[in-house]
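# requesting a structural model of the entry that follows:
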Amino acid sequence: MDRILFTALEIGEVLDGEWLGVPAPSVADVQIDSRKCGRGTLFVPLKGERTDGHLYLKDIAESGTEISLVDIGWCAENRKLVEELIKQRGMAFLPVSDTLAAMQSLAVHHMGKFPDLPVVGITGSNGKTTTKEILGAILSESMETIVNEGNFNSDIGLPLSVFRVEKKHEIAVFEMGMNRIGEMELLASIVKPDYAVITNIGTAHIGPLGNRDAIAHAKKQIFSSFDGTQRAIIPANDDYSQFLAEKIAGKVIFYGGDKTNVIQLKSGFSIEGFDLEIEGHPCHFSLPGQYNLSNVTAAVAVALEIGIDSRSIAAGINRVEAEFGRGELFKGDITLLRDCYNANPDSMVEALILLDYWEQRSVAVLGDMLELGDKSSLEHSRIGEIAAKSSATGLFFFGEEMERAFESVKDSGFTGYSFWTADFESLAEELSKYLEAGDLVLLKGSRGLALERLTGLITK
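From the prediction side, this is the model:
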């Protein structure tokens, strides 16, 4: 084992528990997915809506995993299985009252090993993943940088990201997501950001939280671990900028507007991005949309506070590439803009604006926006009205909620082609019949709709 993440003794001390069985001396990583387990892994079985990680203890034993946390109650009810795995497989178990909370405690402990590591935390309703990737690319030009992979940004994903931090790292950049009150404060307590960025206050997760005021209050908790020495990086032009800046125990930096004047826009916007100049250093940002200029500006504001020079900033911006489902461009007889990793009303509107950049026929395939709660019908109807006024000549709506958008389009007098279905095969068939060479197709919808399944049909 090349890396020792925790010793078994250390785990027991942090979690104030006693091992059942004789544990392996140390572990190299922590996993919640039984399929990723093996020798040197600490398995953390989590209880979810669909399954329970405890059901896979036999599987991890067969893969060579030697130690695991277990829920105290589950352990008492399944003592026979526990004893069997200890005796026959040589496993060891540490009973805890809450396996997720235990994993989070281990993450806090691990971050405590790096008191001098600068940490950047990024949150916001839209753009946090892209901002994280931009900043990560910039910092990587001159520093050993770690960023959380994909959107490992929740109360589960963030601790798993933390466990990847090593002595070699000179700075850490963590995206921090939330969909309930109190979650951001928990995340801030785990990573304790020195630089905390808010990209915007929008409508993502408005269902669980109720309204934008509640979202602003929840996002502001990213500053909750500040003690006076940290920096809050806040969008100057956001409706909530002044509220976000109030009573912060640290320095406040506003970005955007005339607040980040080192950035000069040197081209118009297109589906292939836009050109910039950073204090005389030219660069090209390859993701589409005017809204991405705000993400670039946020990343640059942080980089400047950290002390990164403009040449490295420009070089980092040049290296940014689209992540899966986030402004990916596929060129061909039919051009595909795949922006379907997630969706909310704000990002849906911004995505429809991208169609204005295309001079030929454009088609929008829009899937349900999830987590809107009792505002779902209203917001889907509103998106239909906006889509009807967009540059799209064809509108395809997919999912139960998008029927409201389709009805709005029918009522709007839209002169193009519109179609709605909740059946994927029907969507694929109808879209295939409609598409022509030269079209631009936008895929936009929440992750649960998996609109990327249309990629092969469009790009064949």
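
# pop the domain breakdown of this structure in here.
6-102, 112-319, 328-459 (automatic domain parsing).

# can you redo the ones you listed as TSV with mean pLDDT and mean neighbour count?
Heads up, the C-betas are built off the backbone N, CA and C, glycines and all. TSV is the format used below for these (pLDDT from 0 to 100; neighbours: other Cβ atoms under 10 Å):
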stretch	mean pLDDT	mean neighbour count
domain 6-102	95	17
domain 112-319	93	20
domain 328-459	96	19
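
# endpoint to endpoint, stretch 252-272 covers what distance?
Stretch 252-272 has an end-to-end distance of 33 Å (criterion: Cα to Cα, to the nearest Å).

# can you give me how far that stretch is from the chain middle?
Here the centre of stretch 252-272 is set off from its chain's centre by 23 Å, with Cα atoms, centre = their mean, to the nearest Å.

# now stretch 450-459
With Cα atoms, centre = their mean, you get 22 Å for stretch 450-459.

# measure it end to end?
Stretch 450-459 end-to-end distance (Cα to Cα) = 16 Å.

# and the longest helix for this protein?
helix 291-306 (DSSP state H).

# my read: Val173 touches Leu117, true?
No: with contacts counted by Cβ atoms under 8 Å, Val173 stays clear of Leu117, the gap being 11.2 Å.

# could I have the CA atoms of stretch 41-58 written out in PDB?
Output for stretch 41-58, consisting of C-alpha atoms alone and laid out as PDB, is shown next (Å, rounded to 0.1, in the frame of the first residue of the first chain):
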ATOM      1  CA  THR A  41     -10.300   0.300   1.400                       C
ATOM      2  CA  LEU A  42     -12.500   1.500   4.300                       C
ATOM      3  CA  PHE A  43     -16.100   0.800   3.200                       C
ATOM      4  CA  VAL A  44     -18.800   3.200   4.500                       C
ATOM      5  CA  PRO A  45     -22.200   1.600   4.000                       C
ATOM      6  CA  LEU A  46     -24.900   4.400   3.600                       C
ATOM      7  CA  LYS A  47     -28.600   4.000   3.800                       C
ATOM      8  CA  GLY A  48     -30.400   5.600   0.900                       C
ATOM      9  CA  GLU A  49     -33.900   5.800  -0.600                       C
ATOM     10  CA  ARG A  50     -33.300   2.900  -3.000                       C
ATOM     11  CA  THR A  51     -30.800   0.700  -1.200                       C
ATOM     12  CA  ASP A  52     -28.600   0.100   1.900                       C
ATOM     13  CA  GLY A  53     -24.900  -0.300   1.600                       C
ATOM     14  CA  HIS A  54     -25.000  -2.900   4.400                       C
ATOM     15  CA  LEU A  55     -26.500  -5.300   1.800                       C
ATOM     16  CA  TYR A  56     -23.200  -5.400   0.000                       C
ATOM     17  CA  LEU A  57     -20.900  -6.400   2.900                       C
ATOM     18  CA  LYS A  58     -20.500  -9.900   1.500                       C
END
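
# and the contacts of it?
Outside of stretch 41-58, the residues within contact range by Cβ atoms under 8 Å, 6 or more residues apart in numbering are 5-6, 11, 27-32, 34, 37, 60, 65, 67-71, 74, 78, 81, 85, 91, 99-100, 102-103, 156.

# how about 6 Å then?
When contacts are defined by Cβ atoms under 6 Å, 6 or more residues apart in numbering, stretch 41-58 is touched by residues 27, 29-32, 34, 37, 60, 65, 67-69, 74, 99-100, 103.

# quickly find the element holding Ser312.
helix 310-319 (DSSP states H and E).

# other residues contacting that helix?
Applying Cβ under 6 Å, 6+ apart, the set of residues contacting helix 310-319 is Ala137, Ile138, Glu141, Ser142, Ile278, Glu279, His281, Cys283, Phe285, Val300, Ala303.

# cutoff 7 Å now
134, 137-138, 140-142, 262, 276, 278-279, 281-285, 296, 300, 303 (Cβ atoms under 7 Å, 6 or more residues apart in numbering).

# after that helix comes which helix or strand?
strand 328-330.

# let me know the closest of the contacts of stretch 41-58 to Ala218.
Within those, the smallest distance to Ala218 is 19.4 Å, found for Leu100 (Cβ to Cβ).

# quick one, phi psi at the closest one?
Dihedral pair for Leu100: phi -70, psi -50, per degrees, to the nearest 10.

# chain neighbours aside, what residue packs nearest to it?
Leu46 (5.7 Å; Cβ to Cβ, 6 or more residues apart in numbering).

# separation between that neighbour and Leu370?
Here the criterion is Cβ to Cβ, to the nearest Å. By it, Leu46 lies 21 Å from Leu370.

# do the same with Gly307
On the measure of Cβ to Cβ, Gly307 and Leu370 end up 40 Å apart.

# check contacts around Ala405.
Contacts of Ala405 (Cβ under 7 Å, 6+ apart): Leu366, His380, Ser381, Ile383, Gly384, Ala387, Phe397.

# mind putting those into CSV with distance to Ile353 and secondary structure?
Below are the contacts of Ala405 laid out as CSV (distance: Cβ to Cβ, whole Å; DSSP: H, G, I helix; E, B strand; the rest coil):
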residue, distance to Ile353, secondary structure
Leu366, 13, strand
His380, 18, helix
Ser381, 19, helix
Ile383, 13, helix
Gly384, 16, helix
Ala387, 11, helix
Phe397, 18, strand
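
# of all those residues, which two lie farthest apart?
It's Leu366 and Ser381 that sit farthest apart of the contacts of Ala405, by Cβ to Cβ, at 12.7 Å.

# one step back: among the contacts of helix 310-319, which ones are in helices?
Going by DSSP H, the helices hold Ile134, Ala137, Ile138, Val296, Val300, Ala303 from the contacts of helix 310-319.

# just to check, the third one is in contact with Val302?
No: distance between Ile138 and Val302: 8.5 Å, which falls outside the contact criterion (Cβ atoms under 7 Å).

# which residues does Ile234 bridge with?
Phe254 (DSSP bridges).

# Ile72 versus that one, what's the distance?
Distance from Ile234 to Ile72, by Cβ to Cβ: 43 Å.

# got it, and Trp420?
Distance, Trp420 to Ile72, using Cβ to Cβ: 50 Å.

# for Val197, same thing?
39 Å.

# could you do Ala249 as well?
Ala249 is 37 Å from Ile72, by Cβ to Cβ.

# Ala245 now?
The value you get for Ala245 to Ile72, if Cβ to Cβ is used, is 44 Å.

# what are the phi and psi values for the most far-flung residue of the chain relative to its centre?
Among the C-alpha atoms of the chain, the one most distant from their mean position (Cα atoms, centre = their mean) is that of Lys87, at 41.5 Å. Main-chain torsions, Lys87, degrees, to the nearest 10: phi -80, psi -50.

# would you mind giving both backbone torsions of the residue nearest the centre of the chain?
For the chain, the residue nearest the mean C-alpha position is Asn151 (3.2 Å; Cα atoms, centre = their mean). Main-chain dihedrals, Asn151, degrees, to the nearest 10: phi -120, psi 50.
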